[in-house]
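Engineer: Below: sequence and its predicted model.
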Amino acid sequence: MLDTWQELYKTVQNRKETYTEGSYTCYLFEKGLDKILKKCGEECSEVIIAAKNHSNSETVLEISDLLYHLTVLMVNEGISLEEVQAELDKRSEKTGNLKIFHQVDKNS
Ligand SMILES: N=c1c2ncn([C@@H]3O[C@H](COP(=O)(O)OP(=O)(O)OP(=O)(O)O)[C@@H](O)[C@H]3O)c2ncn1[C@@H]1O[C@H](COP(=O)(O)O)[C@@H](O)[C@H]1O
């Protein structure tokens, strides 16, 4: 999964640096932050609707759309994948610690 996201991130970065005819990503960068944020909001709502309908195939499509638009947002704002990964790792360390506390608590 991370490999696929890294590939997408690189392609999106490339689109920001080099204008490519017919590229939707270039169109989003041209439009700017407000348009990118609007698309993130729309895609988020579409994830919610698909999930409410218990349509997993539709939800997977919408999650993919959302991840793509979030990637465009990250590149636009200069946020790296590593920053997100570090934040997630920090949380999983915390969860790990909580689990240890839980065990100690149970045993005492
Ligand atoms: N992963 C995606 C991806 N996911 C969704 N989309 C586009 O996001 C748009 C969302 O659809 P909507 O109907 O909501 O929006 P729309 O009506 O087309 O556009 P708006 O007028 O609302 O802006 C569609 O045009 C999709 O093609 C994507 N466009 C590009 N990528 C990837 O980005 C990379 C670069 O692609 P290009 O920029 O097209 O070269 C490639 O790896 C692509 O696979």
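Structural biologist: Cool, the structure landed.

Engineer: what's the domain layout of this structure?
Structural biologist: 2-77, 80-108 (automatic domain parsing).

Engineer: near the ligand, which residues of the chain?
Structural biologist: For the chain, the contact set with the ligand under C-beta under 6 Å from any ligand atom comprises 8, 11, 15, 20, 23-25, 65, 68. In short, each C-beta sits where N, CA and C put it, glycine included.

Engineer: need the contact list for the most centrally placed residue in the chain.
Structural biologist: For the chain, the residue nearest the mean C-alpha position is residue 67 (4.0 Å; C-alpha atoms, centre = their mean). When contacts are counted by C-beta atoms under 8 Å, 6 or more residues apart in numbering, residue 67 touches 5, 8.

Engineer: residue ranges with poor pLDDT in the chain?
Structural biologist: 97-108 (pLDDT under 70).

Engineer: Where do the strands of this protein begin and end?
Structural biologist: For the chain, applying DSSP state E gives no strands.

Engineer: Make a ChimeraX selection of the buried ones in the residues of the chain next to the ligand.
Structural biologist: In ChimeraX, this line selects whichever of those come out buried by 16 or more other C-beta atoms under 10 Å:
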select :8,15,23,25,65,68
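
Engineer: Which members of the residues of the chain next to the ligand are the farthest-apart pair?
Structural biologist: 20 and 65 (19.8 Å; C-beta to C-beta).

Engineer: re the thing from before, could you identify which of the domains of the chain is most buried?
Structural biologist: Among the domains of the chain, domain 2-77 has the highest mean neighbour count (mean count of other C-beta atoms under 10 Å), at a mean of 14.

Engineer: quick one on the thing from earlier: show me which of the residues of the chain next to the ligand is closest to residue 90.
Structural biologist: Nearest to residue 90 among the residues of the chain next to the ligand is residue 8, at 23.5 Å by C-beta to C-beta.

Engineer: how about the closest one, what does it touch?
Structural biologist: Here residue 8 is in contact with 67-68, 71 (C-beta under 8 Å, 6+ apart).

Engineer: just residue 54 next, same as before
Structural biologist: With C-beta under 8 Å, 6+ apart, residue 54 has no contacts at all.
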